[in-house]
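**Q** heads up, no residue letters with this:
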Ligand SMILES: Cc1cc2nc3c(=O)[nH]c(=O)nc-3n(C[C@H](O)[C@H](O)[C@H](O)COP(=O)(O)O)c2cc1C
């Protein structure tokens, strides 16, 4: 049994109308539990106190070899934070978020306080966005549909930028260069065997080069590859990148675009540096994404299991 073999209320109703702040916060945490996370580790812990939530990295669910700086865990928590924000907004509540409230404790990622009911009725877009939280999933299937068009790409880029991050679309030759550099890194990284062992423990299978870019002209021919990046490389930037990932992914889901994060290039220092060169030094890479469409005949894969909500929240 892997650490994730726990089935739970994956399809929690994330849109329920909740008249009390406590009820709204509980729904927000349930929605946040559906966020994507690095190898489904769900490395978050929420504390509910009165009209507030605090979000912390959960030490028992960190990948010590694969993600020693906790950048991808923090990014995952950013996605959960964005899900919680969307859920609260859709339930008609205004909230203020303070990110990394105490720099001496970077594992305390955010403090979220409900300010009161939203002054205007909730708009249809916000309600739809909260509904999308329950539908979004990682799409690892071969891309059988047409390439995504400029209009869809624009909406995804806009969603990323609204959360203070940026998206760089890779040219095909840049994808090949990056894949080659990742393949070289796998052969030469000193911790590769321990890395593979940790991945196998969390994913419950032999991961191979799980999370790699494809080399050559395979079924990903119609894919668009992009680097999600930010202006600095600190926990605050990783948190914003996670919020941007969630915003982009929910937007992509609504426009029929499938998303697959590919974390191996970020996990390895040498490929992170190669990507920094690709970005011409203007930013720091946080995650590589494969974007694409699936033909109409394909059915959606099942949802990945989640921890029960009572295992990710402490109330006082
Ligand atoms: C930071 C981050 C990195 C990820 N890296 C990979 C990856 O390299 N390969 C992959 O197949 N999925 C990757 N995923 C997707 C997760 O495995 C997925 O979110 C998790 O299993 C939960 O499934 P769901 O997204 O379908 O809800 C990543 C997700 C996040 C947030």
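**A** Cool, got the structure. Every value quoted in this text rests on a predicted model; they were computed, and no experiment measured them.
**Q** who touches the residue in the chain sticking out farthest from the centre in this structure?
**A** Within the chain, residue 119 marks the point farthest from the mean C-alpha position, 29.9 Å out by CA atoms, centre = their mean. Residues in contact with residue 119 (CB atoms under 8 Å, 6 or more residues apart in numbering) are residue 94. All C-beta atoms are positioned from the backbone trio N, CA, C, and that covers glycine.
**Q** Give me the nearest residue to the one residue in the stretch 1-150 of the chain that gets nearest to the ligand, chain neighbours excluded.
**A** Closest to the ligand within the stretch 1-150 of the chain is residue 36: 3.0 Å, counting by CB to the nearest ligand atom. Once flanking residues are discounted, residue 36 sits nearest to residue 79: 5.6 Å by CB to CB, 6 or more residues apart in numbering.
**Q** Is it correct that that neighbour falls within a helix?
**A** Yes - the assignment for residue 79 by DSSP: H, G, I helix; E, B strand; the rest coil puts it in a helix.
**Q** So it sits against residue 242, correct?
**A** Yes - at 4.4 Å, residue 79 counts as touching residue 242 under the criterion of CB atoms under 8 Å.
**Q** what about the helices in the stretch 1-150 of the chain?
**A** Using DSSP state H, counting those that start in this stretch, the helices assigned to the stretch 1-150 of the chain run over residues 21-32, 71-90, 124-133, 150-162.
**Q** Which strands or helices does the last one pack on?
**A** Identification of packing neighbours for helix 150-162 by 3 or more CB pairs under 8 Å, 6 or more residues apart in numbering; DSSP states H and E yields strand 166-169, helix 235-254.
**Q** now for these, which one comes closest to the ligand?
**A** The ligand lies closest to helix 235-254 among the helices and strands packed on helix 150-162, at 6.3 Å (CB to the nearest ligand atom).
**Q** Now do that closest one: distance to the chain's middle.
**A** From the chain centre to the centre of helix 235-254 is a distance of 6 Å (CA atoms, centre = their mean, to the nearest Å).
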